[in-house]
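1. Quick check, what structure comes out for this input:
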Amino acid sequence: MTAHATENDQVIPPMPERTPKALRDAIAEHAPVLLPDFDAHWKWAIADAYDVGPVCAFMAFWWGEYALARDPKLDAYVHDLEYRAGNVCTDISEAKALLEEAARIRHRVQAVEPGE
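-> Numbering: from 1, shown residues only. The predicted structure follows:
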């Protein structure tokens, strides 16, 4: 896996293998701000529960979070959309449009494959 550059030469690390350990390692290296929440969520949802059933849902959630966080500009854009929808907009239609755009981006990053 190699990092790739965006249109403005911003280097974005590739997605890791689709395993909890590989994802955790990538978060630790490229988006360490997410690591405490990732570890706490793992401990609560998987380790302390002694249940591997929720691993797929856990991975889907954190796959998307990391896919956004590894691209700081895209991450900031999505969070800005969500912030404006919840805290700035006074028009429900505008807020809905902002949230739909954020949801489209979040849905798109779920499809990013390892190595991309």
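
2. just the helices in this protein please.
-> Taking DSSP state H as the criterion, the chain carries its helices at 20-30, 35-42, 55-69, 72-87, 92-110.

3. could these be laid out in JSON lines, adding mean neighbour count?
-> For the C-beta atoms, the positions are set from N, CA and C on the backbone; glycine is no exception. Converted to JSON lines, these look like this (neighbours: other Cβ atoms under 10 Å):
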{"stretch": "helix 20-30", "mean neighbour count": "16"}
{"stretch": "helix 35-42", "mean neighbour count": "14"}
{"stretch": "helix 55-69", "mean neighbour count": "17"}
{"stretch": "helix 72-87", "mean neighbour count": "15"}
{"stretch": "helix 92-110", "mean neighbour count": "14"}
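
4. Out of the ones you listed, the one nearest Glu116 is which?
-> Proximity to Glu116 (Cβ to Cβ) singles out helix 55-69 among these, at 9.0 Å.

5. Name the surrounding residues that touch the closest one.
-> Residues outside helix 55-69 that contact it (Cβ atoms under 8 Å, 6 or more residues apart in numbering) are 15, 18, 20, 23, 26-27, 30-31, 33-34, 38, 41-42, 45-46, 74-75, 78, 105-106, 109-110, 112.

6. and the helices of the chain as CSV, adding distance to Glu116 and mean pLDDT?
-> Compiled in CSV, the helices of the chain are given as follows (distance: least, Cβ to Cβ, whole Å; pLDDT from 0 to 100):
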stretch, distance to Glu116, mean pLDDT
helix 20-30, 12, 98
helix 35-42, 20, 98
helix 55-69, 9, 96
helix 72-87, 14, 97
helix 92-110, 10, 97
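
7. do you know which of those lies nearest Gln10?
-> Taking Cβ to Cβ, helix 72-87 is the member of the helices of the chain nearest to Gln10, at 6.4 Å.

8. Give me the helices and strands touching the closest one, please.
-> Judged by 3 or more Cβ pairs under 8 Å, 6 or more residues apart in numbering; DSSP states H and E, helix 72-87 is in contact with helix 55-69, helix 92-110.
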